[in-house]
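# Give me coordinates for this.
(one chain, ligands or ions: 1)
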Amino acid sequence: MNNLKKNIEKKGTFLDHDILKVDSFLNHQVDIDLVEEMGECFYDHFKNASITKVVTLESSGIAPAYATARRLHVPMLFIKKSEPSTMQAPFSSTVYSFTKQRSYTICMEQNYLTENDRVLFIDDFLANGEAFKGVEQLIEQSHAKIVGVGICIEKRFQKGHSYICGKGYDLLALASIDHIENKKIIWA
Ligand code: 5GP
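Below is the predicted model of the structure:
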């Protein structure tokens, strides 16, 4: 998606360990028009996949997941990164965060996904695929089926892309970074 790539090149900055900071339009402040365009791209790609639910992990995946779900006319479900006291019967799993360098528990209420659901997972970034693996384990517990994975920005030089494609999932990344040379992005 050219517009997303242009925003990354213009406004993104690299921190240590090849972490891309895009707080000005995706991870803190949200560029609504850009996110709507992302939703349109995900919708175009997955519209014939009979998706019944768009699932994401809070918090930065919520905006693009919402923009996609509203076009597909299905609910958007965001998995939580802590267990609220109101949650009664959660499925849970563990994720190792590459950016925070620590593990945390993710959870969701059991009754929001069933074996009849066809899930599109949307997230802001794909790096080593740890967030995806945690979500995959949660979704397995519900017996729902993951039919697609939509990622705003993938860093293909990390392990997540190969993991997801290796398992045969339909992966669409809107901006795919092959590698970084002296803080300059080389697109895949
Ligand atoms: P993974 O689990 O695939 O290793 O990393 C994905 C998660 O880590 C994303 O949901 C995102 O929150 C965070 N993340 C990974 N790489 C980056 C990055 O370069 N920049 C930002 N802002 N977040 C990242």
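# Which positions in this protein make contact with the ligand?
19-21, 27, 60, 98-99, 123-131, 160 (Cβ under 6 Å from any ligand atom). For glycine as for every other residue, the C-beta is placed from the backbone atoms N, C-alpha and C.
# nearest residue to the most centrally placed residue in the chain other than its sequence neighbours?
With distances taken as Cα atoms, centre = their mean, Asp123 lies nearest the centre of the chain, 1.2 Å away. Leaving out its chain neighbours, the residue that sits closest to Asp123 by Cβ to Cβ, 6 or more residues apart in numbering is Gly61, at 4.4 Å.
# which residues of the protein fall in strands?
Under the criterion DSSP state E, the chain contains strands at 13-15, 19-21, 53-57, 76-79, 90-97, 102-109, 118-126, 145-155, 171-181, 184-187.
# what sits up against the fourth one?
It stands for strand 76-79. Contacts with strand 76-79, where a contact means Cβ atoms under 8 Å, 6 or more residues apart in numbering, come from 53-59, 61-62, 65-66, 68-70, 106-108, 112-113, 135, 138.
# Tell me the buried residues within those.
53-57, 61-62, 65-66, 68-69, 106-108, 113, 135, 138 (16 or more other Cβ atoms under 10 Å).
# Just the buried residues of the longest helix belonging to the chain, please?
Secondary structure of the chain per DSSP state H: the longest helix is helix 32-46. The neighbour-count check on helix 32-46 (16+ other Cβ under 10 Å) flags Leu34, Val35, Glu36, Glu37, Met38, Gly39, Cys41, Phe42, Tyr43, His45, Phe46 as buried.
# Just give me the neighbour total for the closest residue to the fifth one other than its chain neighbours.
The spatial neighbour of Met38 that comes closest, neighbours along the chain excluded (Cβ to Cβ, 6+ apart), is Pro64 at 4.8 Å. The burial count assigned to Pro64 is 29, neighbours taken as other Cβ atoms under 10 Å.
# what pairs with the residue nearest to the centre of the chain across the strands?
Using DSSP bridges, the bridge partners assigned to Asp123 are Ile151.
# And the contacts of the longest helix of the chain?
Residues outside helix 32-46 that contact it (Cβ under 8 Å, 6+ apart): 1, 3-4, 7, 25-26, 63-64, 66-68, 70-72, 120, 122, 147-148, 150, 152, 170, 172, 174.
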